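[1] Using only what follows, build the 3D model:
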Amino acid sequence: MTSLGTVQHGGTRVYEGFESRFDDLKSDLKDVQEMREQVKNNPNLSDSERESMLESLDKAEAAIQQGLDYATNSGRYDTTAGNKQNDGDHSAVEAAMARAENSMNHVEQQLMIADRLPPAQVSGPPASQGASGASGTGGASGADGASGAGGTSSSSDAVDSGDYLDIADLDVDNMVKLMSTDPAAAMATLKGLDPEQRGIALQTINAKLQEMNQMFSMMSNMSKSLHDTAKAAINNMRV
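    Now for the predicted structure:
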C-alpha cells in the first residue's frame, strides 16, 4: 500500500502526482459513454457487431473505473475493498489506461469502417437471384426468347452479386497499412468481400490493430518505468 500523500482534486482525494491521470481517465470515461451512443445508433452495424462493440466498451469502462480507483484515496471512485496494494501505483494506473485504450481503439476502428459502408452493404447477404431459374415455365413458353434482354440482365445481375473476392487473398498486414495511408482504397477492397467474409476480415484486422496497440502500450510502460527508475536513482544520489 502506498505512503503517498493526497490532494483534493475535482471533489475527490487524489494521490499526489495523479491529478493529470485522474483527469485523463475521467475524459476517457466520457468518451466511452459517447462511443456507446454512437454504436447503439449506427445503422451500418449488424446486431452481432453492435453487441461485440458494446462488450468492448464495457471492458474499457471497467478498466477506466479501476484506474480511477487506483488513483484516488476517497470519494466516489475509490471503491477498492480490502486489498489496496495498487492504490497510488503509477504502473497499475497506466496498465488500466492501456487496457481501456486498447478496447476503445478497437471500437473506434470498427466505427470508422462502418461509417464508410452504406447500410445495404452490412445488412446481410445479397438477395438470391435464383428466382429467374425457378420460373422455368417462362423458358418453356418461349417468352424468354422474345424478351432476351431481360434474361441477359438477370444473368448479369447474378454474376455481379456473386463476383466477390476471396478472403484468402487478403493480406492483413497490407490492409492495416492501407487503412492508415489510404482508407478509401481499404474500404474499396473490403467492399469486394461478401458480407460474411467482410465481417471475418474486419475482426482479423481489428485483432491485428489491437495487438499493435498492446505492443505500443508495453513499450510506453517500459519507457516510463525506465524513466522512473532513473529519476529515483538521481534522487537517491542527491540524498
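[2] lowest-confidence helix or strand of this protein?
    Confidence across the helices and strands of the chain bottoms out at helix 148-162, with a mean of 37, counting by mean pLDDT, DSSP states H and E.
[3] just checking, what packs against the top helix by length along the chain?
    When the chain is parsed with DSSP state H, its longest helix is helix 195-238. Helices and strands touching helix 195-238, by 3 or more CB pairs under 8 Å, 6 or more residues apart in numbering; DSSP states H and E, are helix 90-115, helix 119-122, helix 172-181, helix 183-191. Bear in mind the C-beta positions are built from the backbone N, C-alpha and C, glycine included.
[4] can we see that at 7 Å?
    When contacts are defined as 3 or more CB pairs under 7 Å, 6 or more residues apart in numbering; DSSP states H and E, helix 195-238 sits against helix 90-115, helix 172-181.
[5] which helices and strands does the last one pack with?
    What it means is helix 172-181. Short answer (3+ CB pairs under 7 Å, 6+ apart): helix 172-181 packs on helix 183-191, helix 195-238.
[6] can you list the ones you listed in TSV and add mean pLDDT and distance to residue 17?
    Formatted as TSV, these follow (pLDDT from 0 to 100; distance: least, CB to CB, whole Å):
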stretch	mean pLDDT	distance to residue 17
helix 183-191	74	39
helix 195-238	71	11
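[7] Take these and lay them out in CSV including distance to residue 94 and mean neighbour count.
    Shown next, in CSV, are those (distance: least, CB to CB, whole Å; neighbours: other CB atoms under 10 Å):
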stretch, distance to residue 94, mean neighbour count
helix 183-191, 30, 16
helix 195-238, 6, 13
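[8] Which of those helices sits closest to residue 107?
    For residue 107, the closest of the helices and strands packed on helix 172-181 is helix 195-238, at 9.0 Å, according to CB to CB.
[9] what inclination does that closest one have with respect to helix 172-181?
    80 degrees (axes from the mean of the first three to the mean of the last three CA atoms, to 10 degrees).
[10] hang on, the earlier thing: the inter-axis angle of the longest helix of the chain versus helix 90-115?
    160 degrees.
[11] just to revisit the earlier point, buried deepest among the helices and strands packed on helix 195-238, which one?
    Highest mean neighbour count among these (mean count of other CB atoms under 10 Å): helix 90-115, with a mean of 20.
[12] Give me the helices and strands touching it, please.
    Using 3+ CB pairs under 7 Å, 6+ apart, helix 90-115 sits against helix 19-41, helix 47-71, helix 195-238.
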